Structures are given as structure tokens and as C-alpha cells.
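>>> give me a model of this one.
(chains A and B)
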Amino acid sequence: VSLPAAAVGLDVGSTTVKAVAVKDGAIAFRAYRRHQGRPLPEARALLAQAWAGLEGARVAVTGSAGAGLARQLGVELVHEVHAVAAQARAAVPGVRTVIELGGQDAKMIHLDERGGITTEMNERCAAGTGVVIDRCAHRLGLPDALASLGVDGAALPTVSARCGVFAETDLVGLVKAGHRAEVALAALLEAIVRQNLIGLSRGRPLLGPVCLLGGPNAFIPALAASWQRQLQSRWRERGVEAAAVVVPEDAALFAALGAVRLLDEVERVQTARGRKTQLDRCAAPLAPTPARVPAAMTVERPAAPDPSPLDGPLQLGLDAGSTTVKAVALDRAGAVVARAYRKSGDDVFADTAAVMAELAQTLGARAAAVGSLGVTGYAADLLGPLLGADAAPVETLAHARSALRFVPGADVVCDVGGQDIKVLMLEGGHVRDFRLSHQCAAGAGALLEATAAALGVPLDLVAEVTSRAERVPHFSLGCAVFLDTERVTAQRDGMQPSELLAGITAALPRIVWENVAAVPSLEALGRVFVLSGGVQRNAAAVRAQAAYIAERHPSARVVVHPFPGEAGAIGAALAGAAAVCERRTAFVGLEAASRLACTAVSDESTRCRRCPSHCSRTLLTPVGSTRTLVTGHGCERGEQFEEPPNAAPPRPRDLVRLEVSRLFRAGYGVKVVSDVGRDLRIAIPRVLGQYRAAALFIHYFESLGVPRGQIRTGEFTSEALWRQFAGHGTTDACFPAKVAQAHVAALLAQRSTTPFDVLFFPRVTHAVTGVKGCNDTAACPVVASTPLVTRVAFGAGADGVLEGGVRLLTPALPLSRKRELSAALYESVRSVLPGLTLEAHEAALTEGRSAQRRSEHLLEQVGAKAIREAARTRHCAVVMLGRPYHADPGLQHELSSTLSSMGRTALTLRALPHSDELLASIGCTSPYQLDDLPFLTNSGDGERVVAARIVGQHPFLVGIELSSFKCGQDAALYGVVAAEARGRLGKPFLALHDLDETRPVASLRLRLRTFLDAVEDYEARAPRTHGAA
Amino acid sequence: VSGRTLLVGPLGPAHDALLAAALRGAGLDAEPLHSPTDAGLQQARALGNHGQCNPPHYAAGAVLAHARASGLTPHDFAESHAWLTVGSCGPCRLAAFPVEWRRIFSAAGLGALEVLPLEQAAFATGLSERGPADVAATALAAADVLETLGHAARPHAVDAAALDRTLERGIAHVAAALEKGESPVTALREAARALDAVPRAAGRRLPRVLLVGEPWTALVPGAPSYDVARRLARLGAEVHAARAIEWLRYLAWQGTRSGRASSTSRTASWRGYRRLGALWSRLARGAGHRERLEDLDRLCALAAPWYPDDALGGSGHLEVARALAAAADRSAELVISIKPFGCLPSSCISDGVLAPLLRRTPGAPAYLTLETTGDSHATVESRLEMALHAATLRAIDPPAPARGVKRSEAWSR
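Okay, here's the model as predicted:
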């Protein structure tokens, strides 16, 4: 479509306005401006400039915030996707893909040769877009470095970009682990490209030429270079012809220019639909509610005790948190003598040295009299050994201790920090239970801070500003980036900064209590609520919390910690003092601590090679020391830089690894009943339903004469596998389903070295569970349908033959229904083994079943033995209450192995005894008859409840519930499983929901340590005797 | 439920009103439940399980709103009411909605409320000429007919609000007939005539949109579906929306094919299947609407190579089948799949199966997915606008049929 003779185009986006004027078919005027949250006045001003000399020309308006202007001008709004596509076709000959990253949106437009377009865009989350890059660059103190950033992509550490807040958390972690801020930022760009390639391409091949648009692509050369690199490598891997990847001239003006080109077409379409602009009637506005006067609740603010003027040893506490580093010095009575606070920069050692120096200066002569040091926070593991800390309590326990110091009867501690939220339920001075925000900073301080900054409101004025709000927009709960997106939408709709901030602060308590704590009744938690964490310094946040609690629990007492920002450091100091007791402190002294510095090396030489993930690590050497520390490692295998010595102390067995390695191994001595399969070369991906019946399938084929060497079962899930082979099939499902396609891709890619002709990926529709009394034992619909996605994703024809001639078999196999299983398997296998007789098939199936039974029996025996040992040593074993596929180390973030490194035996629920006899041997009665839950139809549901009941019965078993992100199937029973696993003894329980491709190392460790601390606490009070054990 | 008021729904205002009226006609004290809203969703979610998909929360939120509006104390409301509803949103095997409701109602002080979840397949196969279920099925079919007439007329109406008012009067008229125990045919005919009399704009070339997806979300108007059918009509599109009776008929049809079912059960399924078809024909024709219900055997054959009906949760199978039928028949310019966030049966289908299948099919309709979260209505509007622009262009200039390519070839690779 050519440019008209005269027209003006305006693109009103979420952060900028762009205008072009076309005269005699050429661009006569162009302008690009940020609108600072005031799109309409800015757009009108630009229009007036563009319009000069063109009076009478038509105006085209496009852009996500263009509806208001279009309405005012009485013109049609051109959808920005169509506008961009039209301009891309005109500017880049033969263009097939447009990738546009905007302030808050990411789009991929696929243009076909016949003029059609299809678009994929981010839904309601700003992850992978300009706002995340901006926020992260700002966070790392590098807002101006983006234009000149240049780091080799090959040596970059991994960060997550699936969610903007996860990304930010990861970057903070990287920097704290000693990576340079530039490297972290470059890693983010790489991750954003990778994430968009996987998420937005939705499994379709990306064809070139590719046109890169939007501010970030245009202004960050390193981002464009990353697209170039990753696209070329993807094309190479998939045998697609390489093509150009272009950042065109006037890229920022594409939508405005395209809108001008489409003026005629839009008019045609609107006439056909019989409508003039009706957006004002259709767009559902945000429904603001009048500001409510918060219910009356007195917030108590206990006075801090005065420090004693007497000299005496001081108790030092350091909290190296995600966004700030805090240090305190307490006197013997626990009163705060001095404190120091600093926002984290990119060097945690320099930050620590600075707060220590500040403390030393404040203390003056008393600085020499330090009796103990406790450290806590994200970087505690790193700093503790360097500073000679006497204790390094996990943050949760530090906060509990600190709250109890000032509010002895506290029932609940709610700590809202920069990046996370902790809710601790206390009982008798112990942490009875706790909830942590799930890998995500929604509702935490960083959001309020960023919003205030974006609106130009100083943080300490937020309380005053929000009190002026006349309306409070209702923001939905969920991720901080979603919330930010809604905030921008409300801003576009004319909401004032005071109202926006009031909306955000009103959402904070809902996020804390409804998302994180997820308790239906606040009353059940107790009466005394202590608020701590940096956010509580903000009166607006405290007011919102108090109002929320007052409305639901009128008799509650809400107490603000006297030092909300330093609560963690105070708890650490108290723990340090308690640990020292009579002995001397190991603390290196404030003077040495003030000079703390490290050299950090992170390159190929420090990369961990102990598994296929090849995590990047950083090697830290404190100045003046020969000792080295390793950080950034993904799991305990990378903890040591050198090869671990052979004489390493024995660890508890990782029974989960044992389970999966046995499950996929041929070797249960089957009888070969036929040689019909001797020439068959078969691959079985190690995913989903196979974790239920791999032994059956493998031995069935072996019994049909398929040589062991010709049955391939792929690898476990790993970050490396996901990085290299993701991008096929669905992006809408849970990670276990998505990664199944990567497993298939990996098997197909390795065909040249390990050839196979048949890919056996059955749909396991029903399982054998041993649970009785439920309606059915069906598989999850996602698990059962994933092989069908494989068919389409890898281009199978209706006959199931993939490109390259591999035959894909996806029979529906109900394992619990013998006749149907046999019939479906026979029909499917006979299609590749025409000579297979029914007799041979039946005999081989019997062999397979028997091997499966033996594998399960063996596992049970090993499990029972481990449980007996746990009872004997009074040292709890941990049962991972998940789905069978959660045994895959890559799907549970190597949890079993981490537990083993922390001295705990981990087992899955399949290793729990099934028979009455074995159950009796561990002192339990059989819970396999589930008559009280007859409505359950899903195999895994029944299994989890039964396993939780065994855990609940046995005093030396504790449970960790595993569930993958988006698993609606698991979600239904969250509360039931937790209650059963806690049992009558009220044992500790940990829920790890929302597992996905991101491995949240720091938060996982925090959760595990808090949990295991609670387990140790419990072990001390566990019953002395128990049944047969 | 004796002595209790039966709350019915939520399946949408028309379905709830007619079902309640039919039950009153059968001697029960029944009233339609409040419509689900986003505020109700949030309230129920706050009391419930955060990871759960949204249909049980929308439904529970409607009950909470109904209880509040009744003016009774939670205890008195719970003691005096029972709730008749669908036990799950469709085929999903979570079967956990009742557990979730129990949790929410207990937290809200409504623990004593009697919940009567309707087992849909049993309902569909338990139909007979004069059985009690037949009364309910007649009400649902009548509501489907009224909604279908509304969807056909709405995009062409000069004043859509006037059309909706006429439709509401029609619903009340049919409800009155059902309450008296009369056949709804006459009332339906009169409602259809009234809708015909609403002035229509001439000369519009509107794109045709097929709505597929999760049965409950695709069926129920208002917040749970972003009111997508009415929204599309307002934006300028003809909508083929979901019908309750088609889902029930599919369940009965599935029952006829089950290899595990006894012959008695298969016979009952056949009876239900035929009865639902006959009900639709009688009522739709009575209202002057000639459209036949879909040919389920054909749909099954179309989807079989890609998403056979033995895949768990028939809605996924139907989603693929209906979209492929629309492609083969050129009966839609746009297919929209709508589902609640985190919906299991629909999870992999949209982007994993259907989108690539339609991409490789020459002349197939454009395809859009909508995941309902209860938030962000503004982006939904933008996505619909985007899809409708392209769909309208196709409606104005339909792509030429692909020449020289057999269908079998077109479907492979």
C-alpha cells in the first residue's frame, strides 16, 4: 500500500507519542516524544505541529493509547498491528516476521506471502519488554549503559526472563554473587530474546527476513545483536536458510507511517461493519471505587528501649538483603546502640564494608568492644565466613526472633521487604508455620518504590499524597508487572498519581494475605500481628495493612516493629549473641570488616562442568586471603571449585535419583518371547506418563526382541536441554508438558549419531495407583494430550510420520484397564511390526508388567528401609509429594539432591510402602482406602492424599509438596495435602508450588533452610516411641 | 431439598431464568442465581484456593452475592437455600469444585448451604420423553433457542439495547409458559417475531465468528467470558456461540461409543442423544429457526487424526473438530477459543494443536485465543479489534478456494 498524497499519522503508545506528516507521498515531518503519563495533551501538541501546512489532510491514529485521541478527533483508530505490518511490507522487501518490543508489550507478527498476518503478543504481562529492561538497568545502576553495552553472549550467566520480577530478582542475585552489573544486564538481554523466541513464536518456524522494531530494539545495539545471533543459530539448527535481521530506519515511526498507509482499508472495513468509532462504548473502563476511610484501628508503635550508657560487649547484626544492606549494634540488653543502612549497589562486599565503616564511626571508641556477629539475608552464606560470623540464621528465623524481642506475645510476623514477603506464624516463641512469596516480588517494596518514582512522588511523601486520593482504582492481585501494567492503563484513563498510589497501597495487603499467606481467615492466625520490613516505614502501607486487618479481624492488635527496616539485622545480632554464649567471637573486627573487598572471576574457567547445565559460577578471593569462595552455582555439585575429594563425608542416599535411574533402565531380566522386533530402533522420551510405566514399556519391547541397545530413553530434563531445544509445541501448558517437546526435539536432533525409526510417546490416560474408593484413576488431561501436541508440533501427517521418516506412535493407554491397554498397545505396535502376533504381544506385555511390578517393589523396599532408619536415628526423611514426573531432577530443581547435601534422605511417594506388611514394618496403618474422598478422579490426586496421610502418621517423615506452575489439577487439593501431611503432630510442611523452568536458587535455599530449621525444632519434641519403628 | 429455596445457575440469565421457571412449574421453590461478576470472583478467590481456575470462584461469588442481597444472616440463608449447579465447567476431571465450594462457604459462614452438583453425563443420558430431567432439558433448549436468535439479530440491530430489552421480554414470556407447565413453543414463536420486528441496518458485511473452547466459559454471558459474544456483536460480527444443549448432546453421544459401558447404558445414551436432538428441532423450528445441530460423527472423523475423542476431556476434541469443520465448510472468518486461565483440557490445544493445524490449512479461518483471568478487559477489546479487522477483510473479499490441492494433501504437513 503506498503512502497517500497528504496525511498525518499519530502513534500514541504507552510511554511515547510519535507523529509523521506525509506530503506528496514523502515524509515531511517526523517527531518522537515521551509523554510522561499525559498522552492526550502531548499527542494534540504534536498533531498541531504535524498538521501545519497540511490543513484538510486526513489523520490516522494508532497505538495502544490512541483510542482517546481518535475519539476526540472523530477518526477511526487503526490497530497498531495492522499499521506496523503494512509499513514493514513497504520498508523491508519480502519481510516475513516483525518482532516489536515496546514499553510494555512484545509482539511477533508473521506475514504470509498472500498478504495475511497472524500475531502473537504478550498477554497481560510486561515480561520481556522495554519496561523490564529499563527497570533492571535502573536497578543495577546502569540506566545509561544500554546504548553502549557489549558483552560476549557465550560467557553469560543464565537469568530468567519469563517474568520481569523474577528477572530482577535473578539479576540482584547475580550481582550479589559477584558478577559485574554489565554482565548481568547483558545476560538479561540474552534471556529476553530467548524468552520471546520461545514464548511468542509459539512453536512456529520464524522465517526471514526479520524486521526488528520498537524502542529497545532500535536503541540497544546489544539487544539487536542478540536477536541476530540467536535467530541465526536457530535457523542453522533447524536447517532453515539464513536470512537478514534488520533494524530499519525510522523504526520508531513504523506504526504512524503504517496507519497512514491503511487509511483507505480501515474505512472499508468499518463501513462493512456498519460502525463508526464505538470504542467509547465498548472499552470497559476501570471501575474505581470512592476512597474509603479506613476502619478505625490503632496501630501500636512500641518505643525502642534506650541503650545502656555503660560499656560492655556489643552484639552486631548484619542483614545483606536483596535491595539494601543493614547493620545494627545492640548493647547487652538488646537495645539498639547504632545502626547503618545502605541501598545495595552492584558490589555486596563494598556495601557491607561501607555499612560496617559507618557503624564503626558511630560507635567511636566502643567499636572495639564487639562481642558477637550474626549475619542474615541473601548474601549471608557469602559474608558469614569472610567476616567470621558467629551465627548465620536464615532470614525467616531472624525476623521471628527480632519480632519476639520487642513484642513477646506476637502471633504473626509479616515482613514486607524489597523483593519478598514473609508471613511467619509463631507459637510458643517458635515459628509454627511460614509462607513466602513464590519466587516473585509482587506486593513487595520495590513495586511501591518504582511506582512512586515513575509518578515523580518522593517515597517519603507517598503517605501524604495517597491521603488526598478521591478514588481508589481496584488493581487485580498477581504479579507486580501485571499490576504495573494496570497502573499505566489507569493512568491513561486519567487517574491522578495520588489515586494510583492509593490503589497500589490498597493492593499490598491483599497480596500479602490473599496471595502469599493465602489464609481464608485472619482470626485463625492469632491476635497480635507484627509488621516489619522496610515497607512498613511507609505510613500509607501501614495504614492499608491496618485497615485490611481491622476489617477482617476487629479484635487484632497491629504492632509496627520499632525498627522495621533493621528487624532482620536485629534478629541476626540476637542469634549471634546466643551462639557465642561463653566462647569468644570469631568476628574479624569492625576495622577489618570496613576494609572488606574481594576479587571476582567469572569466565569459562570457573564454569561448572559437573552436569550438562554448565552453570556459570563466580570465584571470589577476599583481598589479602588465599581462601576462595564459589558463588552462583546452581546446585550443590558446583559448591566446590576443585574436584571434591574422594573422602567426602557420606551423604544420605538420594532415593529419588535411584528411583528414576532404575525406572528407565532395562535389566529386570525379561524373557524374550519373539524376535519380531530385532530390527526395530525405538526412542521413548523420558517425560510425563513414562514416569509411571517406563519399565513396562522398555521391557515389553525387549521381550519382543528389540535389542537393549536399540531402545533409547533420552536424558533427564536440564537447563541445557531446555535452552537448546525449547520452542516446539505449546507455550500455554505447565513446564513438564512444555519440556516434553524439547525432549522429543533433542531425540530427533541426535538421530544422526543414535538413529531410530519409531518414537514411542504413548498417551497414558489411566494409571495403576493402589488407591481404592475413588471414582477413577485418570491422568491429567494435559499429560494425556501432550503426545498429540507432539504430532502437530513436529509436522506429522495424518499417518503419524514425522519429517525425516520417523514414525510417531501415540496410542491412548489406560494402564489400569487390562483389556483396553492390551488392545490399544497391540494395534499401535503392530503398525510398525506387522509380523507381531497377538500371542507374542500378550506374552511380552505380561513380561513388561512383571518388570514394572518388580521395579516398584524394589523401590518400596528401599523406601521402607530408609523410613525405618529415619525412625531409628530420629532424623526425619523428606517425602516429596508431587506427581510421578517430579522425580525428574530437572523438574524439581534438583531438590532431592540438595536435600541429600543438607543431610536429609529424600524419597518420592512411590517409594512409600504399599502393602500392609511393609506399612506395618514402619508402624503405619494402610490409608489406601479413600472412602472419604470418592469424588476424586485423578490418579495423582488420590496418590498424593494417601502419601500425605502416611507422612502425617509417621513421626519421622515430613512432606514437601511439589507442584508445577499452572497445575490446576494439584491446586484443587493444596489445603487437603498440607493438612494431612502435618498430621496430628503438627509437623513442619513445605509447599513448593509454581515450579517452572526458572530455578530460583536463592529463594529455594531460603525456603529449604527455614523448613529444615523447623524440622530440627520438631525432631527435638517428636514422640519417643512409634509403632513398630 | 424440601423446605428450601433452590438456587439455579449460573449458566447465564436466560438459562437460569428458564430452568428456575421450569422447576417451579414442577412444584419446586426455585429462583435463578445472581449473575457472576468480577467482584464476586475476587471475593470467592480471597476465601478459596488461589491456584484454582476461575469458574468455581465465579459461581461461588454469585452465591455469596445472592446471600448478601437476600438480607438474611449467612446462617439463615444457608439453612433455607440449596444450590443446584453444574458440578464442573465441562469435561474437566478436577471434580474438585464441590471441595472448593465447601471451603469458601465455610469461610463465609454458609457452611450449611446444600450444594447439588449436577452430574452432566448422567443428566444427558437419563433423559426420557416425560422424565423430570426432560423438563430441565426443555428449559435449557428453549434458552439456547432464545440466545441463538439474539446472537443472529444483535450485530444487525440498529439499536442493540432495544434488541436486548426485547430479548429479556421474550425470556420472561417463555419462563411464564414453562412455569405453567405449558410447551414453550408458542412463547418462543412470539419472542422470535418480536425480535424480528426490531429495526435492522441494511448492507453490513460482517465477519462470522465461531466461538469454541471450554463449554461453561463459552456459554455463560457476562464477566466469566468477557461477555465475548455480545462484545463481538457490538464490534460488528456475527457470532456462532456455544449452546448448553450441544454439550449435553455430545456427552450422550460419547456414552453411545463407550466400549466399557453396558448395553443398557449405551441404549440410555442413544435415547438421550436422540431426545436432545428432537427437543432442539421442535423448539428451534417452532421459533422459525432452521439450523440443525452439528453432525457429531463428522466432527469426530475430522478431528480423529489430530485430537481423537479418546483424549481426556471432550471439550478439547470438540474445539479442534469444530474449528476444522469451520475451515472445511468455510463457515467462519474467525475462530475464537475461550477458556479460563489454567484450564487443563484446553491448555495445550490452542497453541499446541489448533493454531498450527489451522496455519497449514489453506483458506482456514483466522484464530484467536482468549484466556479469561477476570482482569484486563481493555486488552481483550484490543485483541478482538485486531482479529476482527482481518476477519472483516476476508468477509469482504473471501480468499479464492485453493486450486489443485486435494484436502488430504492440504491436511498433511
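>>> now the stretch 301-413 of chain B against chain A: closest residue?
Among the residues of the stretch 301-413 of chain B, residue B:352 lies closest to chain A, at 3.2 Å counting by C-beta to the nearest C-beta. The C-beta positions use only the backbone N, C-alpha and C, and glycine is treated the same way.
>>> and the gap between the closest residue in space to that residue that isn't next to it in sequence and residue A:685?
Closest residue to residue B:352 in three dimensions, ignoring its sequence neighbours and counting by C-beta to C-beta, 6 or more residues apart in numbering or on different chains: residue A:730, at 3.2 Å. Plainly put, residue A:730 is 15 Å away from residue A:685 if you go by C-beta to C-beta, to the nearest Å.
>>> these two: which has the busier surroundings?
Shown here are residue A:730 and residue A:685; by other C-beta atoms under 10 Å in any protein chain shown, residue A:730 has more neighbours (28 against 25).
>>> so the more buried one touches residue A:740, yeah?
No: the criterion here is C-beta atoms under 8 Å, and residue A:730 misses it with residue A:740 at 9.4 Å.
>>> mutual contacts of the two, please.
Jointly contacting residue A:730 and residue A:740 under the rule C-beta atoms under 8 Å, 6 or more residues apart in numbering or on different chains are residue A:786.
>>> now do whatever helix or strand residue A:319 lives in, average pLDDT.
For residue A:319, the host element (DSSP states H and E) is strand A:314-320. Average pLDDT, strand A:314-320: 92.
>>> and the helices in the stretch 1-150 of chain B?
Ranges of helices in the stretch 1-150 of chain B, per DSSP state H, counting those that start in this stretch, are B:13-25, B:38-47, B:55-70, B:74-80, B:97-107, B:120-125, B:132-153.
>>> let me know whether the last one sits next to chain A.
Right, helix B:132-153. No: shown here: helix B:132-153 not in contact with chain A (C-beta under 8 Å from any C-beta of the partner chain), separated by at least 13.8 Å.
>>> next SSE after that helix?
helix B:160-179.
>>> buried residues, the helix or strand just after that next one. List them.
Counting by DSSP H and E, the next helix or strand C-terminal to helix B:160-179 is helix B:185-196. For helix B:185-196, the buried set under the neighbour-count rule, 16 or more other C-beta atoms under 10 Å in any protein chain shown, comprises B:185, B:187-188, B:190-192, B:194-195.
>>> may I have helix B:185-196 as CSV, with CA atoms only?
The C-alpha trace of helix B:185-196 is given here as CSV (Å, rounded to 0.1, in the frame of the first residue of the first chain):
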residue,chain,number,x,y,z
VAL,B,185,-43.1,-23.3,21.5
THR,B,186,-45.8,-20.7,21.2
ALA,B,187,-44.0,-18.3,23.5
LEU,B,188,-40.8,-18.9,21.6
ARG,B,189,-42.5,-18.1,18.3
GLU,B,190,-43.8,-14.9,19.7
ALA,B,191,-40.4,-13.9,21.1
ALA,B,192,-38.9,-14.6,17.7
ARG,B,193,-41.4,-12.4,16.0
ALA,B,194,-40.8,-9.6,18.4
LEU,B,195,-37.0,-9.9,17.8
ASP,B,196,-37.7,-9.8,14.0
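>>> now do it: distance to the chain's middle.
For helix B:185-196, the separation from the chain centroid amounts to 22 Å (computed by C-alpha atoms, centre = their mean, to the nearest Å).
>>> and the contacts of that helix?
Taking C-beta under 8 Å, 6+ apart as the rule, helix B:185-196 contacts B:142, B:145-146, B:149-150, B:153, B:163, B:166-167, B:169-171, B:173-174, B:176-177, B:282-283, B:286-289.
>>> any idea of the angle that helix forms with helix B:132-153?
Using axes from the mean of the first three to the mean of the last three C-alpha atoms, to 10 degrees, the direction of helix B:185-196 lies 10 degrees away from that of helix B:132-153.
>>> parallel or antiparallel, which strands does the helix or strand just after helix B:185-196 pair with?
Once the chain leaves helix B:185-196, the next helix or strand it forms, by DSSP H and E, is strand B:208-213. On the basis of DSSP bridges, the sheet neighbours of strand B:208-213 come out as strand B:238-240 (parallel), strand B:334-340 (parallel).
>>> please identify the deepest-packed of those.
Ranked by mean neighbour count under mean count of other C-beta atoms under 10 Å in any protein chain shown, the strands paired with strand B:208-213 are led by strand B:334-340, which reaches a mean of 28.
>>> can I have whatever helix or strand comes next after it written out in PDB, keeping just the CAs?
Using DSSP H and E, the helix or strand that directly follows strand B:334-340 along the chain is helix B:355-359. What follows is helix B:355-359, C-alpha atoms only, in PDB (Å, rounded to 0.1, in the frame of the first residue of the first chain):
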ATOM      1  CA  ALA B 355      -3.100 -22.900  15.800                       C
ATOM      2  CA  PRO B 356      -0.500 -24.900  13.800                       C
ATOM      3  CA  LEU B 357      -3.200 -27.100  12.200                       C
ATOM      4  CA  LEU B 358      -5.200 -24.000  11.000                       C
ATOM      5  CA  ARG B 359      -2.000 -22.400   9.800                       C
END
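>>> can you name every helix or strand that helix B:355-359 contacts?
Applying 3 or more C-beta pairs under 8 Å, 6 or more residues apart in numbering or on different chains; DSSP states H and E, one finds that helix B:355-359 contacts helix A:781-793, helix B:314-329, strand B:366-372.
>>> what's the average pLDDT for the second one?
Spelled out, it's helix B:314-329. The model assigns helix B:314-329 a mean pLDDT of 90.
>>> do it and chain A meet?
Yes: Helix B:314-329 reaches chain A (C-beta under 8 Å from any C-beta) through residue B:316.
>>> in that helix, what counts as buried?
B:314-328.
>>> gap between that helix and the chain center?
16 Å.
>>> which helices and strands does that helix pack with?
Helices and strands touching helix B:314-329, by 3+ C-beta pairs under 8 Å, 6+ apart, are strand B:208-213, helix B:244-257, helix B:296-303, strand B:334-340, helix B:355-359.
>>> quick one: closest of the ones you listed to residue A:349.
Taking C-beta to C-beta, strand B:334-340 is the member of the helices and strands packed on helix B:314-329 nearest to residue A:349, at 48.4 Å.
>>> the closest one vs strand B:366-372, what angle?
Relative orientation of strand B:334-340 and strand B:366-372, computed by the same axes, to 10 degrees: 20 degrees.
>>> okay, the angle between strand B:334-340 and helix B:314-329?
170 degrees.
>>> what's near enough to touch the residue in the stretch 551-700 of chain A that chain B sits nearest to?
Closest residue of the stretch 551-700 of chain A to chain B, C-beta to the nearest C-beta: residue A:552 (9.4 Å). The contact partners of residue A:552, by C-beta under 8 Å, 6+ apart, come to A:521-523.
>>> out of those, the closest to residue A:702 would be?
Using C-beta to C-beta, those come closest to residue A:702 at residue A:521, 56.0 Å.
>>> ok, the closest one touching residue B:107?
Yes: if you go by C-beta under 8 Å, residue A:521 and residue B:107 touch, sitting 6.1 Å apart.
>>> these two: who's more crowded?
Shown here are residue A:521 and residue B:107; by other C-beta under 10 Å, residue B:107 has more neighbours (17 against 11).
>>> right, and that one touches residue B:47 too?
Yes: using C-beta under 8 Å, residue B:107 is in contact with residue B:47, at 4.2 Å.
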